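**Q** my questions concern the predicted model and sequence given below.
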Amino acid sequence: MITENESTQQFSDADLEKFNQGVAEALWTDNGIPYFVIKDGLDLSEYARLAKLSLERDREIAHDFTSKVTNESGSEEVEFEYKSKWFLDGLAEGEIE
(Lines give C-alpha, C1' and ligand atoms only; values in the text may rest on other atoms or scores of the structure.)
Protein backbone atom coordinates (compact mmCIF):
# COMPACT_ATOMS: atom_id res chain seq x y z
CA MET A 1 0.00 0.00 0.00
CA ILE A 2 1.24 3.48 -0.84
CA THR A 3 1.13 5.64 2.31
CA GLU A 4 1.47 9.35 2.99
CA ASN A 5 5.21 9.19 3.69
CA GLU A 6 5.92 7.52 0.37
CA SER A 7 4.35 10.19 -1.81
CA THR A 8 5.30 13.59 -0.41
CA GLN A 9 6.81 14.84 -3.64
CA GLN A 10 5.26 17.29 -6.08
CA PHE A 11 3.06 16.14 -8.93
CA SER A 12 4.49 17.56 -12.17
CA ASP A 13 2.80 18.12 -15.51
CA ALA A 14 4.84 15.18 -16.86
CA ASP A 15 3.48 13.00 -14.03
CA LEU A 16 -0.05 14.09 -14.88
CA GLU A 17 0.45 13.24 -18.55
CA LYS A 18 1.93 9.83 -17.68
CA PHE A 19 -0.96 9.12 -15.30
CA ASN A 20 -3.62 10.14 -17.83
CA GLN A 21 -2.04 7.97 -20.53
CA GLY A 22 -1.96 4.92 -18.25
CA VAL A 23 -5.51 5.17 -16.90
CA ALA A 24 -7.97 3.04 -18.84
CA GLU A 25 -10.92 4.09 -16.67
CA ALA A 26 -11.65 6.07 -13.50
CA LEU A 27 -14.54 4.73 -11.46
CA TRP A 28 -16.33 5.82 -8.27
CA THR A 29 -17.76 3.70 -5.48
CA ASP A 30 -21.19 4.42 -3.99
CA ASN A 31 -19.34 6.02 -1.06
CA GLY A 32 -17.64 8.58 -3.29
CA ILE A 33 -14.24 6.94 -3.43
CA PRO A 34 -12.42 7.00 -6.78
CA TYR A 35 -10.38 4.07 -8.02
CA PHE A 36 -8.51 3.61 -11.25
CA VAL A 37 -8.19 0.86 -13.84
CA ILE A 38 -4.68 0.96 -15.28
CA LYS A 39 -3.68 -0.43 -18.66
CA ASP A 40 -2.20 -3.92 -18.47
CA GLY A 41 1.60 -4.14 -18.39
CA LEU A 42 2.16 -0.94 -16.40
CA ASP A 43 3.68 -0.74 -12.90
CA LEU A 44 0.69 -0.59 -10.53
CA SER A 45 2.79 0.66 -7.61
CA GLU A 46 3.91 3.62 -9.70
CA TYR A 47 0.32 4.34 -10.79
CA ALA A 48 -0.94 4.08 -7.20
CA ARG A 49 1.62 6.74 -6.29
CA LEU A 50 0.57 8.89 -9.25
CA ALA A 51 -3.14 8.44 -8.42
CA LYS A 52 -2.54 9.60 -4.86
CA LEU A 53 -0.52 12.61 -5.99
CA SER A 54 -3.13 13.49 -8.62
CA LEU A 55 -5.94 13.46 -6.07
CA GLU A 56 -3.87 15.48 -3.60
CA ARG A 57 -3.08 18.03 -6.28
CA ASP A 58 -6.74 18.47 -7.27
CA ARG A 59 -7.91 18.68 -3.62
CA GLU A 60 -11.54 18.10 -4.55
CA ILE A 61 -12.30 15.41 -1.96
CA ALA A 62 -12.68 16.45 1.68
CA HIS A 63 -12.52 13.06 3.38
CA ASP A 64 -9.70 10.56 3.92
CA PHE A 65 -9.98 7.12 2.32
CA THR A 66 -8.14 4.06 1.09
CA SER A 67 -8.46 3.40 -2.63
CA LYS A 68 -6.73 1.31 -5.26
CA VAL A 69 -5.47 0.97 -8.76
CA THR A 70 -6.10 -2.28 -10.57
CA ASN A 71 -5.02 -3.60 -13.96
CA GLU A 72 -7.49 -4.05 -16.80
CA SER A 73 -7.50 -7.82 -16.47
CA GLY A 74 -8.35 -7.51 -12.76
CA SER A 75 -5.56 -9.85 -11.72
CA GLU A 76 -3.58 -7.31 -9.64
CA GLU A 77 -4.25 -4.26 -7.51
CA VAL A 78 -2.33 -1.87 -5.28
CA GLU A 79 -3.97 0.19 -2.54
CA PHE A 80 -3.11 3.74 -1.55
CA GLU A 81 -4.19 6.08 1.24
CA TYR A 82 -5.56 9.53 0.48
CA LYS A 83 -5.47 12.20 3.20
CA SER A 84 -7.48 15.31 2.37
CA LYS A 85 -5.54 17.65 4.71
CA TRP A 86 -8.37 20.20 4.41
CA PHE A 87 -8.67 20.62 8.18
CA LEU A 88 -4.91 21.13 8.52
CA ASP A 89 -4.85 23.73 5.74
CA GLY A 90 -7.51 25.82 7.46
CA LEU A 91 -5.73 25.52 10.77
CA ALA A 92 -2.41 26.56 9.29
CA GLU A 93 -3.93 29.60 7.61
CA GLY A 94 -5.65 30.77 10.78
CA GLU A 95 -9.15 30.09 9.46
CA ILE A 96 -9.92 27.71 12.33
CA GLU A 97 -9.36 28.73 15.94
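**A** Yes, it's here.

**Q** is the residue lying closest to Ala26 once chain neighbours are set aside bridged to anything, and to what?
**A** Closest residue to Ala26 apart from its sequence neighbours, by CB to CB, 6 or more residues apart in numbering: Phe36 at 5.4 Å. (Each C-beta comes from the backbone N, C-alpha and C, glycine too.) Counting by DSSP bridges, Phe36 forms beta bridges with Ala26, Val69.

**Q** could you tell me the per-residue confidence at Phe36?
**A** Here the pLDDT value assigned to Phe36 is 98.

**Q** any idea how many residues pack against it?
**A** 24 (other CB atoms under 10 Å).

**Q** pull the contacting residues for it.
**A** By CB atoms under 8 Å, 6 or more residues apart in numbering, Phe36 lies in contact with 23, 25-27, 47, 51, 67-70.

**Q** quick one, what contacts Glu77?
**A** 44, 68-71.

**Q** gap between it and Ser84?
**A** Using CB to CB, to the nearest Å, Glu77 is found at 22 Å from Ser84.

**Q** my read: Thr29 touches Tyr35, true?
**A** Yes. Using CB atoms under 8 Å, Thr29 is in contact with Tyr35, at 7.0 Å.
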